[in-house]
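Peer 1: Based on what follows, work out the 3D shape:
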Amino acid sequence: MQSLWVRLRRSLLVIATIAIGGAFGTDVHAQGLESVLAPGKLIQAHAKLDDQCTKCHVRFDRNAQDGLCLDCHKDVGQDVRLKSGFHGKMKPQSCKTCHADHKGRDANVVAIDKAKFDHSATNFNLEGLHRKVDCAKCHLPGKGFRIQQRDCAACHRKDDVHKGSLGAKCADCHTEGNWKEAKFDHGKTRFPLTGKHGDVKCADCHKNSQYKDTPKECFACHKKDDKHKGQFATKCESCHETKSWKTIRFNHDTDTRYPLLGKHHGARCESCHTGPLYQQKLSTTCVDCHRNDDKHKGSLGTVCGSCHTERSWKEPPKFNHGKTAFPLLGRHADVQCKDCHKSQVFNEAPKECIACHRKDDKHKGALGDKCASCHNERSWKQTSFDHNKTQFPLLGKHTKAECAACHKSADYKQTPKDCYSCHERDDRHEGQQGRKCAQCHVEANWKSTPRFDHGLTRFPLLGKHSKVECKSCHLSARFKDAKLDCVACHAKDDKHKKTLGPACAQCHSAVDWKNWAFDHDKRTKFALDGKHKGLVCTACHATATDARVTASAQCVSCHAKDDVHDGNYGRQCQQCHVTSLFRTIKSQMGRP
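Peer 2: Sure thing, here's the model as predicted:
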């Protein structure tokens, strides 16, 4: 009976709301109706939405409510989209299944059974002692369950005996089984413990539990063991190893670019390394250590190894003169060293022939000091000069010419190599063809010109031009005076009387002057059709310039006398007339 009474009261309220809506408008009607039908008050967190039903509900669409929930609860919405966290990993279902509202201001819509809750469904699985910890220890009151720190230090800061010096990654050493028992793998750090380091106690290197800034250099711990007193710097690992400090593994032959050979092998390190090992860069030249032993006083440079070896400084091997810039050939092999090397400064010995053979020079220096051009080491008196090895080999009649005919002085180098210097008097072209005579003439006979190829000029001879005599075009020996344009020779053949300009090659070819071909449709912008096709060129081209043949493309330029409209319809005759017959109008041919 009471339930019936409640339904009756609601019906009366609905009728009253509808009446009010009719009087005050549709929005008031809808909002009032929804408020009246609300099953109960919202929770305290949603209290501000009491009069905003559309924030959570979509009329006539219950399934749309979940989307509105996720729009407000963005963090949960992100978990669902990324399939992360508790809401993202759980089986998809409607929000109201677990979080029903309209149950009053004090209602709890996040009811969780702590005893049955599976924490592995979240992003933080409980392992070890974490399974026995009360939820309230991590999930503080007033904060959502998902808003919690996941790093160890958030809960175990008071347990951190390192005072934060090792950072917040506690799990690198500690486990959930027992906080006080730590197991650290030093092999995963930048300083793995090898050799006897594996037996050293942590406190020996990590003073006062300060692990972060512990030095990694050997010298920090082994300074007292350094018998070099810091001379060889602090990179102890270059020679020593962790198995035993006294064992030396450094191999100068393979670990450096200077292998120790001969007596160098027995020398003490301090003999060469007199300063700090890595600060002082040692030179690898012999003279830096053996300067006092150099009897040549530096005259032979610093490459002592050319003569001396590491076996014994005082006993140099036999010197190989063939490896120098002056190998001893012929009679030079029998000459005593002192004949050329006047002192132990061996580099001062001259390499030029004239230095030793000046008294043997019968040319008195006129041919310069390149004696080897003619003479050799086998015999000074025997000469053999091959002119073909010079920049001017003797060919043809040049082979019979006397040396004095070209070499006017003893300075052979100054002898000109161009033809014109000797054959200027033979030049019938009066210099107009330049000085490169060899382009046409040869050494066998000056008067013949077998090398001249007219095809390499700007006017290759094609067709009937190839049979024309030179003098027909070249009226003088000055060949460059010949004109290159067709009309210069074919003016008498021009039946157009210059009305089509001088560019004869546009229609005519060298094969036959009478044969001509000009495709007006392809080579111009004015295609010939209709009665235009049978016209002679001069019918339209009455004048021409020196550069090109021109004619107007306007119909009226030729058909002004045929214009019965006296110009009233403009100059675009082709709009109405056709080329087949001027009197024919396009409309008469069925054209628009």
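Peer 1: in stretch 264-284, what counts as buried?
Peer 2: Under the neighbour-count criterion of 16 or more other Cβ atoms under 10 Å, stretch 264-284 has Leu277 buried. C-beta here means a position set from N, CA and C on the backbone, and glycine is covered the same way.
Peer 1: Quick one: end-to-end length of that stretch, please.
Peer 2: 12 Å (Cα to Cα, to the nearest Å).
Peer 1: With stretch 360-373 instead?
Peer 2: End-to-end distance (Cα to Cα), stretch 360-373: 15 Å.
Peer 1: Likewise for stretch 39-52?
Peer 2: Terminal residues of stretch 39-52 lie 15 Å apart, using Cα to Cα.
Peer 1: Going by neighbour count, which residues in it are buried?
Peer 2: Under the neighbour-count criterion of 16+ other Cβ under 10 Å, stretch 39-52 has Lys41, Leu42, Ile43, His46 buried.
Peer 1: got the contact list for Gln382?
Peer 2: Shown in contact with Gln382 (Cβ atoms under 8 Å, 6 or more residues apart in numbering): His375, Asn376.
Peer 1: Swap in 7 Å and give it another go.
Peer 2: Contacts for Gln382 (Cβ atoms under 7 Å, 6 or more residues apart in numbering) come out as none.
Peer 1: One more: the one 3 residues further on?
Peer 2: The contact partners of Phe385, taken as Cβ under 7 Å, 6+ apart, are Ser373, Cys374.
Peer 1: Give me the phi and psi for it.
Peer 2: phi -110, psi 120 (degrees, to the nearest 10).
Peer 1: same check, this time on Leu329
Peer 2: Taking degrees, to the nearest 10 as the convention, Leu329 sits at phi -120, psi 160.
Peer 1: Chain neighbours aside, what residue packs nearest to it?
Peer 2: Glu377 (4.5 Å; Cβ to Cβ, 6 or more residues apart in numbering).
Peer 1: burial measure for that neighbour, as a count.
Peer 2: Glu377 has 14 neighbours, counted by other Cβ atoms under 10 Å.
Peer 1: show me where the protein has strands.
Peer 2: Here the chain has its strands, by DSSP state E, at 577-578, 581-585.
Peer 1: doesn't Leu328 make contact with the residue nearest to Leu329?
Peer 2: No - using Cβ atoms under 7 Å, Glu377 makes no contact with Leu328, being 8.3 Å away.
Peer 1: Grab the most central residue of this protein for me.
Peer 2: The chain has Arg257 as the residue nearest its centroid, 34.1 Å off, counting by Cα atoms, centre = their mean.
Peer 1: The residue lying closest to it once chain neighbours are set aside and Ser238, how far apart?
Peer 2: Distances taken as Cβ to Cβ, 6+ apart place Thr284 nearest to Arg257, at 7.5 Å, with adjacent residues excluded. The spacing between Thr284 and Ser238, counted by Cβ to Cβ, to the nearest Å, is 19 Å.
Peer 1: same check, this time on Gly322
Peer 2: In terms of Cβ to Cβ, Gly322 sits 42 Å off from Ser238.
Peer 1: neighbour-wise, which of the two wins?
Peer 2: Per other Cβ under 10 Å, whichever of Gly322 and Ser238 has more neighbours is Ser238, with 15 against 10.
Peer 1: Roughly how far does the closest residue to the more buried one other than its chain neighbours sit from Gly230?
Peer 2: Closest residue to Ser238 apart from its sequence neighbours, by Cβ to Cβ, 6+ apart: Phe250 at 6.2 Å. Counting by Cβ to Cβ, the gap from Phe250 to Gly230 is 17 Å.
Peer 1: Right, I'll call it a day here.
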